[in-house]
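Trainee: following is a predicted model, sequence given first.
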Amino acid sequence: MSQAKFLDKTLLAVANVAEQSLFSEAYALRHGFLQLLDVRIKLVTFLYILVIISFLHRPQTVWLLYGLSLVLAVVSRVPLVFFLKRVWLFVPLFSAAIVLPALLNIVTPGDPVWVLMKLSRAYTWGPYTIPSEIAVTRQGLWGGIVFVSRVAASVSFAVLFTLTTKWAGVFSGLRSLFVPRVFVVTLGMTYRYLFVFLRLIQDMYRARKSRTLRPLSPAAERNWIASRIGATFKKSVDMSEDIYKAMLSRGFHGEFRSSDRFHAAAADTIWFVTVLLFGGILILFEKGFLHS
């Protein structure tokens, strides 16, 4: 019973996160600062910010950008607690698997800060060496801090963009920026039917649960999951064919027509120039600091 409750809660949590993160446009419809910007300007500037973050090497500079994302969330009428939860839900998933091994002298040699384990001797296999003392190094710790800072700042701006922009506007903006049509159409169809298949999986599980009188063995559970994976794949293939034929019968020629009409205002120009100058200043500041 505890496993069933855990699976129920997991499916419900996944559905809620997907619905709030991808399919809810409640915050995108608010009259905040980012919501009023032209989608094309927002796409270019946010991509520029993400590139700038990848070039920064000082945690202080990266956290300055992270603080900027918090300010933008406030002025865009996104609840700060909600925004922090969304960001730090993904940061550990992106960074933990990479950062934790990189802290050790096995991966990042350097000055030991905290000795975790002592071995009888060092072990060598070809080019790989395990030292006699396995420890967290100062260089690994610094690299981990920089990496987590970059991930936090990048995820913050990515989440902020998705929360303050309607997905239909994103697709139209991508096409107006000459992104290949195939990519935009594929992304749009994925967005439209991701929620459909998420609900389909939930319905499959609930249907099985309503017809099960006693817990199944682990082997039966694995067989059921494998069969559902196959059934979901077959259903997705059949649905894709049906949708494609329905689109052709309605005059589809490879591109969705959008009614959005973009117009860059003075605020968009000011935002664009400010972001470009701010990013350039950060890069020059870091170069000057490193050379000094």
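Mentor: Thanks, I have it.
Trainee: show me what the strand or helix carrying residue 239 is packed against.
Mentor: Secondary structure here is read from DSSP states H and E; on that basis residue 239 sits in helix 218-249. If contacts are counted by 3 or more C-beta pairs under 8 Å, 6 or more residues apart in numbering; DSSP states H and E, helix 218-249 sits against helix 181-210. Glycine gets a C-beta too; all of them are placed from N, C-alpha and C.
Trainee: ramachandran angles for the residue located most distally from the centre of the chain?
Mentor: Relative to the centre of the chain, the most outlying C-alpha is that of residue 120, 43.1 Å out, by C-alpha atoms, centre = their mean. Dihedral angles of residue 120 (phi, psi; degrees, to the nearest 10) stand at phi -70, psi -30.
Trainee: may I have the residues that are in contact with it?
Mentor: Contacts for residue 120 were tallied using C-beta atoms under 8 Å, 6 or more residues apart in numbering; they are residue 132.
Trainee: distance check, it against residue 133.
Mentor: With distances taken as C-beta to C-beta, to the nearest Å, residue 120 is found 11 Å from residue 133.
Trainee: now swap in residue 158 and tell me
Mentor: With distances defined as C-beta to C-beta, the gap from residue 158 to residue 133 amounts to 39 Å.
Trainee: which of these two has more neighbours?
Mentor: Neighbours were counted for residue 158 and for residue 133 using other C-beta atoms under 10 Å; residue 158 has more, 16 against 13.
Trainee: list the contacts of that one.
Mentor: Under the criterion of C-beta under 8 Å, 6+ apart, the neighbours of residue 158 are 46, 50.
Trainee: in terms of helices and strands, where is it?
Mentor: helix 138-163.
Trainee: and that helix, what's buried?
Mentor: Of the residues in helix 138-163, 139-141, 143-144, 146-163 count as buried by neighbour count, 16 or more other C-beta atoms under 10 Å.
Trainee: stretch 75-87 too?
Mentor: Judged by neighbour count using 16+ other C-beta under 10 Å, the buried positions of stretch 75-87 are 76, 78, 83, 86, 87.
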